[in-house]
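Undergrad: Build the 3D model from these lines:
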Amino acid sequence: MLSGQAASQTVDHWETVVYDSMVWRYWPGSSNPGTNWNTPTFNDQLWQQGRGGIGYGDNDDRTLIDPVLSVFLRKKFTITNRAKILDAMLHVDYDDGFIVYLNGVEIARANMGTNSTVAFNQGSSGLHEALLYQGFTPEGYLLKSELLDGLLVAGENTLSVQVHNDNISSSDLSSSVFFSVAVADNSFTYLQTPSWFVEPLNFTSSNLPIIVINTNGGTIVDEPRIVANMGIVDNGPGNRNHLADVFNNYNGKISIEIRGESSQSLFPKKSFRLETQDALGNNLNVALLGMPPENDWVLYAPYSDKTMIRNVITYELGNKLGNYAPRTRLAELVINDVYQGIYVLIEKIKRDKHRVDISTLTPTDVSGDELTGGYLLRVDKFDGNDFPGWTATPVPTISGDNNITFQYDDPAGDKLVNAQTTYIRNYMQTFQSSLTSLNFTNDQSGFKKYLDIPAALNFMIVNEVSKNIDGYIFSTYLYKDKNSRGGLLTLGPLWDFNLAFGNVNYLPNAQFAPGWMWDYQHRMFWFRRMMQDPSFANKMKCRWTELRSGFLTNEYFTNKIDSLSNVLGEAQVRNFQRWPTLGRYVWPNQFIGLTYQDEINFLKQWIIERLTWMDSNMPGTCSLITSVEIRQNQIQVYPNPFGESIEIVVESASELIQLKVFDLLGRQVFQTHFANGTYHWIGIDGSGKNVPAGIYIIQLSNTQGFLGQQKIIKSY
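TA: This is a model prediction of the structure:
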C-alpha cells in the first residue's frame, strides 16, 4: 500500500506520460521476439524503431508493417516524482487482441485467452475493431494506487505490449497505447491528456442498484470463463444505493465471460454472461434483484441503443401478452474499481420452471412421451462450436425461399442422444413440410396441427410493432414440450431488440413505419406463409384489435418510456460521461440525438407512427367483437374496463347460472356456476392463473337456455 499520507491525497489533475505517437521499439511477430522480451532489462537495440501506432489497414497507423500475426512493442519512460502519482490509466486501441506489461508485470489484456505467455504465432481469441479511427475513445484500464505501489518506480520504467491479429489473412492490425497518471498537486510534469481522455468518474451512489465485480487480477475474456467476486447493493425502491454499502442482494462467487457477436468486436462497452456459484464452484441459484432464483444471467451493455431501454420495453411487452420473456433490471456496474455505466441484468434464456417452463430432457428419455420434449431451439448466426445444429429442407420446397438452420440450445447438442436429435429433426421437418404443402391451411393436417397459434400471434405482433431487423432471421427461439403437456411448437422467448424501433440505418423497411417485416427479404418463410392462410390472418386481426382496445395503447408506450427514462435520468449522465456517444454515430444508428431526451423523443415518435400504420394496414378481418350480443337490460358488468376484478350481475335471476369466459380467438379460459344473480370474477383462468390484459367475451345461460353475452376489457 501507499503510505498513509499518499493514500489520503486526492487527484488534482491527469497527465499523459506515454503517447501512441511517440517513438517505440517494435518487433514484427514473424519470429520469436526473444526470451524475457517484456522485462525492463531486455536488450531491444536490434528491434526496429517507429512512431506508433504500428500496424496496417484502416489508415490509423504511423508506422506501416507487412501483414503479420503479431507485433511486439516496447517503450521506456521516466517518472520524476513518484510520490505525487496516485492512480494511472492505460488506454489501448487494438485489433484484435493484446497483453500489456509494466516493468515485466502484466497489467491488462483482451482477447488473448488466459495463458500466462502467448506465442508470437498464436492468433487472438476473438475479433476486435480499433476505435480511434472511428472517432471513439479506446478502451481504458484503471490502475489503482494499490497496484502501482511497488510496480511503477521513480526513474526509468518500461511498457511492453504484444498485439495479435485474429489470423494472418486479416486486412488490418492496430496497436496504439497511452499511459496517463493522476497527479496529487497542481504541478505539471508530463503532457496534456488526449482530447478524448475522460477522467475516471468518482462514482459513489445511485438511485439504481449497483453491481460490483472484482476479478482479483484476472481479465474477462470471451471463453473461457474466469472466476470473480460479485456484490450487489439494492436498498429497495425509493432508497439510495451507495458503493460503500454492504452487499445486501448478492455477495459471492461468479464465473464470467464476454458475450455477443458483432457487438463484442465493434463496441468498447462489453456485455457479459455470468453464473452465480458457491465457494466450491458449483452452480448456485439465487434471486438477483427480485427475479426468480437461477444461476445463469446476462449483463447486457446498451451502447448503440442510446435510450438503453429497447430490450427492457420489449421483454415487458412480451410478458404482458401472456408468454414468457426474460425479466430485466436496470443497474449501474463497476468492474475492478472502474465505473462501467448503465447495464441491464437479464435472465438468460434456458429451460427452467421460472423461465422456459418445459419438461427436463435427460439422455435416458429415448421413447414414448418422454422423447417428445422438452427441446429449446434457436435460429441464429450459425456457430457450430457453441450451438451445433442442422439445416432443414421442407418437402416440397417453396421457390426462392432459403433453408433454415436450427441450433440445439437447451439441452445443447452434445447433451442429446441420437434418438432425441432424430425425433426433433423429424418433427421440424414435418412441421415445415406442413407449411409448404398445398393443404397448409387445413386445421387437421396443415401447420396449425403443430404450432401454438396464440403464441405465434404474440411473437409476430412484438416483432412487427418493433420492426426488429433481426426478426424472423436471427435470435429467434422456439421450443417444444412433451406431447402430454401440449406438445406444440411454440415461438419465443423474445431476444435481442437493441436494433429495433428504428435504431438501424440499413434495410429501409426496418427504418420507417410502413411495411411488414414478415414479408421482407431473407426472413424465415414460415411467417409469410402463415399470413397467406385467411384463418390465421383473421386471428392476427382479432388479436391486434383486442390488444389495441385493451392495454396496448399509444399511451402505454409513451408512459412506459417516460417512466424508464425518468428512472435513468441521473444515471444516464454518468453513462454518457463514461461512454460519450451522444451526438455521434454508433453502428447502425439511423437517428443521432444530441441529448438523451432527443433519443427518447425519437423512440416515442417512431412507435406512435408504427402503431398508426399497423392500425390501418393489418390484414384479415375480425367480426367477433361486432357480433357480440349485448343485452344490457339483463346483464350488467362493472367496472368495465377492469383491472383486478369485475362484478357480473344478471337481473331477476332465480336459479343457478352458468358463466363461460372466452378470449377473442374463441378459446374458453374460464367456466363456473353461480347463484343469486351476482358473480365476482378476479380475472383468472381455469388453473387459477391471471389471464393477460385484453378483450374477453362472457356468456351466460341457465336451464332455460342462453341469456346473453357481453364484451369485457381487462386493462392489466
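
Undergrad: Please make it C-alpha for all contacts and neighbour counts, starting now.
TA: Will do.

Undergrad: Which parts of this protein belong to which domain?
TA: 4-183, 205-347, 358-499+508-550, 635-714 (automatic domain parsing).

Undergrad: Span of the longest one from start to end?
TA: End-to-end distance of domain 358-499+508-550: 29 Å, with C-alpha to C-alpha, to the nearest Å as the criterion.

Undergrad: any idea of the mean pLDDT in that domain?
TA: The pLDDT scores in domain 358-499+508-550 average 93.

Undergrad: same thing with stretch 261-278?
TA: So the average pLDDT for stretch 261-278 ends up being 86.

Undergrad: Helix, strand or coil: sort out residue 371 for me.
TA: helix (DSSP: H, G, I helix; E, B strand; the rest coil).

Undergrad: which residues sit in contact with it?
TA: With contact set as C-alpha atoms under 8 Å, 6 or more residues apart in numbering, residue 371 has these partners: 361, 365, 419-420, 423, 482.

Undergrad: What distance do you get for it to residue 42?
TA: Distance from residue 371 to residue 42, by C-alpha to C-alpha: 63 Å.

Undergrad: so which strand or helix has residue 557?
TA: helix 554-567 (DSSP states H and E).

Undergrad: And residue 334, by the same measure?
TA: strand 328-335.

Undergrad: go on, residue 423?
TA: Going by DSSP H and E, residue 423 is part of helix 418-436.

Undergrad: ok, back up a step: of the domains of the chain, which is nearest residue 560?
TA: domain 205-347 (7.5 Å; C-alpha to C-alpha).

Undergrad: so how far is that closest one off the chain centroid?
TA: 11 Å (C-alpha atoms, centre = their mean, to the nearest Å).

Undergrad: Just the terminal-to-terminal distance for it.
TA: End residues of domain 205-347 are separated by 25 Å (C-alpha to C-alpha).

Undergrad: May I see the buried residues of the strand holding residue 334?
TA: Residues of strand 328-335 classed as buried by neighbour count (16 or more other C-alpha atoms under 10 Å): 328-334.

Undergrad: do stretch 126-140 as well
TA: Taking 16+ other C-alpha under 10 Å as the criterion, stretch 126-140 shows 126-132, 136-140 as buried.

Undergrad: For the domains of the chain, could you give me a markdown table that also reports distance to residue 558?
TA: Output for the domains of the chain, formatted as a markdown table (distance: least, C-alpha to C-alpha, whole Å):
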| stretch | distance to residue 558 |
| --- | --- |
| domain 4-183 | 31 |
| domain 205-347 | 11 |
| domain 358-499+508-550 | 14 |
| domain 635-714 | 18 |
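
Undergrad: For residue 565, find the nearest of these.
TA: When those are compared by C-alpha to C-alpha, domain 205-347 sits nearest residue 565, at 7.7 Å.

Undergrad: Hmm, residue 312 is touching residue 328, no?
TA: Yes - judged on C-alpha atoms under 8 Å, residue 312 makes contact with residue 328 at a distance of 6.4 Å.

Undergrad: List just the nearest of the buried residues of strand 328-335 to residue 402.
TA: Using C-alpha to C-alpha, the buried residues of strand 328-335 come closest to residue 402 at residue 328, 34.0 Å.

Undergrad: who's in contact with the nearest residue to residue 381 once chain neighbours are set aside?
TA: Sequence neighbours aside, residue 474 is the residue nearest to residue 381 in space, at 6.4 Å (criterion: C-alpha to C-alpha, 6 or more residues apart in numbering). Residue 474 is in contact with 379-381, counting by C-alpha under 8 Å, 6+ apart.

Undergrad: quick one: average pLDDT of the biggest helix by length in the chain?
TA: Using DSSP state H, we find that the single longest helix of the chain is helix 596-617. Mean pLDDT, computed over helix 596-617, is 98.

Undergrad: Can you name every helix or strand that it contacts?
TA: helix 453-466, helix 554-567 (3 or more C-alpha pairs under 8 Å, 6 or more residues apart in numbering; DSSP states H and E).

Undergrad: Adding distance to residue 408 and mean neighbour count, write these out as TSV.
TA: Listed next are these as TSV, based on distance: least, C-alpha to C-alpha, whole Å; neighbours: other C-alpha atoms under 10 Å:
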stretch	distance to residue 408	mean neighbour count
helix 453-466	20	21
helix 554-567	34	15
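
Undergrad: now the ones you listed in a markdown table, with distance to residue 512?
TA: Shown next, in a markdown table, are the helices and strands packed on helix 596-617 (distance: least, C-alpha to C-alpha, whole Å):
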| stretch | distance to residue 512 |
| --- | --- |
| helix 453-466 | 10 |
| helix 554-567 | 17 |
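
Undergrad: Of all these, which one is nearest residue 185?
TA: Here helix 554-567 is closest among the helices and strands packed on helix 596-617 (C-alpha to C-alpha), at 37.3 Å.

Undergrad: which other helices and strands contact the closest one?
TA: helix 596-617.

Undergrad: and the helix or strand harbouring residue 86, what other elements does it pack with?
TA: Counting by DSSP H and E, the secondary-structure element that holds residue 86 is strand 85-95. Here strand 85-95 touches strand 139-143, helix 145-148, strand 155-164, strand 174-183, going by 3+ C-alpha pairs under 8 Å, 6+ apart.

Undergrad: So what's the model's average confidence on whatever helix or strand comes next after the last one?
TA: The one in question is strand 174-183. Counting by DSSP H and E, the next helix or strand C-terminal to strand 174-183 is strand 205-206. Averaging pLDDT along strand 205-206 gives 98.

Undergrad: Direction included, what does strand 205-206 pair against?
TA: strand 241-242 (antiparallel) (DSSP bridges).

Undergrad: Residue 170 sits in which helix or strand?
TA: Judged by DSSP H and E, residue 170 forms part of no helix or strand.

Undergrad: Can you name the residues that contact the closest residue to it other than its chain neighbours?
TA: The shortest distance from residue 170 to any residue other than its chain neighbours is 7.9 Å, reached at residue 67 (C-alpha to C-alpha, 6+ apart). Listed by C-alpha under 8 Å, 6+ apart, the contact set of residue 67 reads 56, 168-173.

Undergrad: Can you say which of those are buried?
TA: By 16+ other C-alpha under 10 Å, the contacts of residue 67 give 56, 168, 172-173 as buried.

Undergrad: need the residues you listed in CSV with secondary structure and distance to residue 463, can you?
TA: Conversion of the buried ones among the contacts of residue 67 to CSV gives the following (DSSP: H, G, I helix; E, B strand; the rest coil; distance: C-alpha to C-alpha, whole Å):
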residue, secondary structure, distance to residue 463
56, strand, 41
168, coil, 40
172, coil, 37
173, strand, 38
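
Undergrad: from these, which is closest to residue 527?
TA: The nearest one, if we look at the buried ones among the contacts of residue 67 relative to residue 527 and count by C-alpha to C-alpha, is residue 172, at 40.3 Å.

Undergrad: List the residues that contact the nearest residue to that closest one once chain neighbours are set aside.
TA: If the residues on either side of it in the chain are set aside, residue 172 comes closest to residue 57, at 4.3 Å by C-alpha to C-alpha, 6+ apart. Neighbouring residues of residue 57 by C-alpha under 8 Å, 6+ apart: 171-174.

Undergrad: burial count for the nearest residue to residue 493 once chain neighbours are set aside?
TA: Computed as C-alpha to C-alpha, 6+ apart, the closest residue to residue 493 that is not its neighbour in sequence is residue 325, at 5.1 Å. Neighbour count of residue 325, defined by other C-alpha atoms under 10 Å: 22.

Undergrad: Same question for residue 369.
TA: Neighbours around residue 369, by other C-alpha under 10 Å: 14.

Undergrad: residues in contact with it?
TA: 482-484.

Undergrad: same thing with residue 210?
TA: 232-234, 241-243, 331-334.

Undergrad: This protein: helices as residue ranges?
TA: 4-7, 145-148, 262-266, 310-320, 418-436, 453-466, 508-511, 525-531, 534-549, 554-567, 571-578, 596-617.

Undergrad: what sits against residue 587?
TA: 304, 504.

Undergrad: ok so, going back, pick the one among the contacts of residue 474 closest to residue 62.
TA: The closest of the contacts of residue 474, once distances to residue 62 are taken by C-alpha to C-alpha, is residue 381, at 36.2 Å.
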